[in-house]
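In: Test case, fold it:
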Amino acid sequence: MSGLSVHGLHAGYGRTLILTGVDLEVHPGEVVGLAGRNGAGKTTTLRAISGMLPRRAGKLLFDDAPLPPSPRGVARLGVVHVPEGRGVLRSLTVEENLVFGAAAVGKPHGPAERERVLAFFPALGRMLDRKAGLLSGGEQQMLAIARGLMAQPKLLMVDELSLGLAPRVVADVLGGVLSACREQGVALLIVDQNLRALAVNCDRVYVLSGGSTTGYEDAASRTDEFWRSVYF
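Out: Predicted coordinates for the structure are as follows:
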């Protein structure tokens, strides 16, 4: 089965290795979570996959081909990374952000493409002329994800989806991205501290600890008691 395959990933900053053997897979149509304590290396993992951070070792494949080392090469293959902190272009309008998401990887960005994405985040459709920097945190997260979907990804990676957001807003953002990915057949890799949301919505969850990962997908791993035992 094709999709993303990561085996033995090593990565870090300077002389410090953070990841010392990360293994994970995300197949087409799957929703996969990546959990772990603060500082465990979740963001580092996504940065290494997307090419934002050099990989020291490991075998990374996407659709059975080696994953390029550069962010542009990774994005051109259909892997889109929504970073922690959203990363919207604050001085540009909502519409300009959406256009940029598609144009950056050479995808169409006309009204039809925007309407396709905005159907999952209708609030954004009412503020296309508003500067992204004036949006609330939840609206910026919606915009960051919508901009990623404009690139027509095969795999969307979202880092810390719920960070700083109220539970009601998290439900709206998560519901939108799940609906979009399921309807469009996009694989989804989510990093988040909300273990319950990951357990309920993901086909499989990986826990990152000590620089490596353990995967869980059986029914026994869907309980609060289980997560307390492996996470805390």
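In: burial count for His7?
Out: Residues near His7, counting by other CB atoms under 10 Å, number 13. For the C-beta atoms, the positions are set from N, CA and C on the backbone; glycine is no exception.
In: That should have said Thr20, apologies.
Out: 16.
In: is it fair to say Ser142 lies in a helix?
Out: For the record, residue 142 is Met, not Ser. Yes - per DSSP: H, G, I helix; E, B strand; the rest coil, Met142 lies within a helix segment.
In: excluding its backbone neighbours, what's nearest it?
Out: Phe121 (4.5 Å; CB to CB, 6 or more residues apart in numbering).
In: Can you give me the neighbour number for the one you found?
Out: 23.
In: try the one 3 residues further on
Out: Residues contacting Leu124 under the criterion other CB under 10 Å number 24.
In: gap between it and Leu188?
Out: Separation of Leu124 from Leu188 (CB to CB, to the nearest Å): 19 Å.
In: next one: Gly176
Out: According to CB to CB, Gly176 stands 12 Å off from Leu188.
In: Can you pick out the residue with more neighbours from these two?
Out: Neighbours per residue (other CB under 10 Å) separate Gly176 from Leu188, with Leu188 holding more: 25 against 22.
In: quick one: strands adjacent to the helix or strand containing that one?
Out: Per DSSP states H and E: Leu188 is located in strand 187-191. Next to strand 187-191 in the sheet, as set by DSSP bridges, lie strand 31-35 (parallel), strand 155-159 (parallel).
In: Now do that strand: everything it contacts.
Out: 3-4, 26-35, 42-43, 45-46, 84, 154-161, 177-178, 181, 198, 201-202 (CB atoms under 8 Å, 6 or more residues apart in numbering).
In: Can you flag the buried ones in those?
Out: With burial judged by 16 or more other CB atoms under 10 Å, the buried subset of the contacts of strand 187-191 is 3-4, 26, 30-35, 42-43, 45-46, 154-161, 177-178, 181, 198, 201-202.
In: Could you dump the strands paired with strand 187-191 into JSON lines and include distance to Leu53 and mean pLDDT?
Out: Shown next, in JSON lines, are the strands paired with strand 187-191 (distance: least, CB to CB, whole Å; pLDDT from 0 to 100):
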{"stretch": "strand 31-35", "distance to Leu53": "15", "mean pLDDT": "95"}
{"stretch": "strand 155-159", "distance to Leu53": "12", "mean pLDDT": "97"}
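In: Quick check: bridge partners of Leu24?
Out: Val6.
In: With Gln152 as the reference, measure out to it.
Out: Relative to Gln152, and taking CB to CB, Leu24 is found at 23 Å.
In: can you check Gly110 too?
Out: Applying CB to CB to Gly110 and Gln152 gives a distance of 13 Å.
In: Find me whatever residue is spatially closest to Ala187, sequence neighbours aside.
Out: Using CB to CB, 6+ apart, the nearest residue to Ala187 is Leu155, at 4.5 Å.
In: Bridged to that neighbour, which residues?
Out: The partner residues for Leu155, given DSSP bridges, come to Val79, Ala187.
In: Contacts only, for it.
Out: 3-4, 26, 62, 78-80, 186-189.
In: same deal with Thr20?
Out: The contact partners of Thr20, by CB under 8 Å, 6+ apart, come to 10, 210-212.
In: Number of residues surrounding the nearest residue to Asp129 once chain neighbours are set aside?
Out: Leaving aside its sequence neighbours, Asp129 sits nearest to Thr93 (CB to CB, 6+ apart; 5.5 Å). Residues lying near Thr93 (other CB under 10 Å) number 16.
In: Next one: Thr93 relative to Arg126, how far apart?
Out: 13 Å.
In: For Gln193, see how far away Ser212 is.
Out: Applying CB to CB to Ser212 and Gln193 gives a distance of 19 Å.
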